[in-house]
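> here is the input, now give the coordinates:
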Amino acid sequence: MYAGFGEFGMDVGAIARGVAIYALPVGMAIILHEVAHGWVAEKFGDSTARRAGRITLNPISHIDPIGTILLPIIQIIAFGRFFFGWAKPVPVNFAALRNPKRDMVWVAFAGPGTNFSLALLSALLLRLIVFIDPNVWALAQDDIAPQVLRNFGAGASVLVPIAKMLNASIFINCALMVLNLIPVPPLDGGRIMVGLLPHEAAYKYSKIEPFGIFIIMLLIFVLPFTQAMFYGFIRAFVMLFYMVALS
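Now for the predicted structure:
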């Protein structure tokens, strides 16, 4: 899964710019998240993802037509915001891991850990861009058409779209990381919880997986307290990376 935030005007040009800004960050966030699961699983003895051709940067192998393409575009057009979507999960045979219960934790953590790394890298690159041209960050806050942006110079025409993409990458990766660390199976946080609990408790906890999607929807869309916690954690991580980028 992935999640993110961003607002765009509802005119066609603004929607097109919004899709262009988010396309690469979303693609990198979900693809590298899934590849990380498969790569770490292989290191711990399970080659299922490799044999399925899923340890690859080829987006075609990871795209879910609805969750990766259609749903995000509909959200941007209908609401002016990008909220959530999903990619095809990388297949992992936990029984094939050398130490299934322990190694499950590392395989599950690989996805959110990759999103943290991508957000940090985006923040560092954004810091470099702002160092090169301090005006870029202010210009990146507005939805300025490319033909207008050219009035601010050739450098701004190149650096502002990159800054917007890096900003989007920070939001997307923070949201994806926080979402997947919710300790409910089948999310990564649920897998981590099952790996850390004692055997009997882990077995009982894993039984909630068939109801996991309903529990997750309840937590982040219905219950005010957990919803506030979810968005609060995202904002906290975003602010952390803004401190890295802009301090």
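> the closest residue to residue 99 other than its chain neighbours - how many residues pack around it?
Among residues not flanking residue 99 along the chain, residue 44 sits closest, at 7.6 Å (Cβ to Cβ, 6 or more residues apart in numbering). All C-beta atoms are positioned from the backbone trio N, CA, C, and that covers glycine. Neighbour count for residue 44, taken as other Cβ atoms under 10 Å: 18.
> residue 109 is in contact with residue 44, correct?
No: taking contacts as Cβ atoms under 8 Å, residue 44 lies outside contact range of residue 109: 11.9 Å.
> what sits against residue 210?
Contacts for residue 210 (Cβ atoms under 8 Å, 6 or more residues apart in numbering) come out as none.
> can you check residue 230 too?
178-179, 182, 219-220.
> can we see that at 7 Å?
Residue 230 sits next to 178, 219-220 when contact means Cβ atoms under 7 Å, 6 or more residues apart in numbering.
> what about residue 36, helix or strand, and which?
For residue 36, the host element (DSSP states H and E) is helix 12-43.
> and the next element down the chain from that helix?
helix 48-51.
> ranking helices and strands of this structure by mean pLDDT, which lands last?
strand 2-3 (a mean of 42; mean pLDDT, DSSP states H and E).
> what angle separates the helix or strand hosting residue 173 from helix 12-43?
In this structure, residue 173 sits in helix 154-180 according to DSSP H and E. Interaxial angle, helix 154-180 versus helix 12-43 (axes from the mean of the first three to the mean of the last three Cα atoms, to 10 degrees): 50 degrees.
> what residue ranges in the protein score low on pLDDT?
Within the chain, the ranges that satisfy pLDDT under 70 run 1-11, 75-76, 79-85, 145-154.
> can you report phi and psi for the closest residue to residue 155 other than its chain neighbours?
The shortest distance from residue 155 to any non-neighbouring residue, by Cβ to Cβ, 6+ apart, is to residue 133 (5.7 Å). Backbone torsions of residue 133, given as degrees, to the nearest 10, read phi -140, psi 100.
> and the gap between residue 133 and residue 116?
27 Å (Cβ to Cβ, to the nearest Å).
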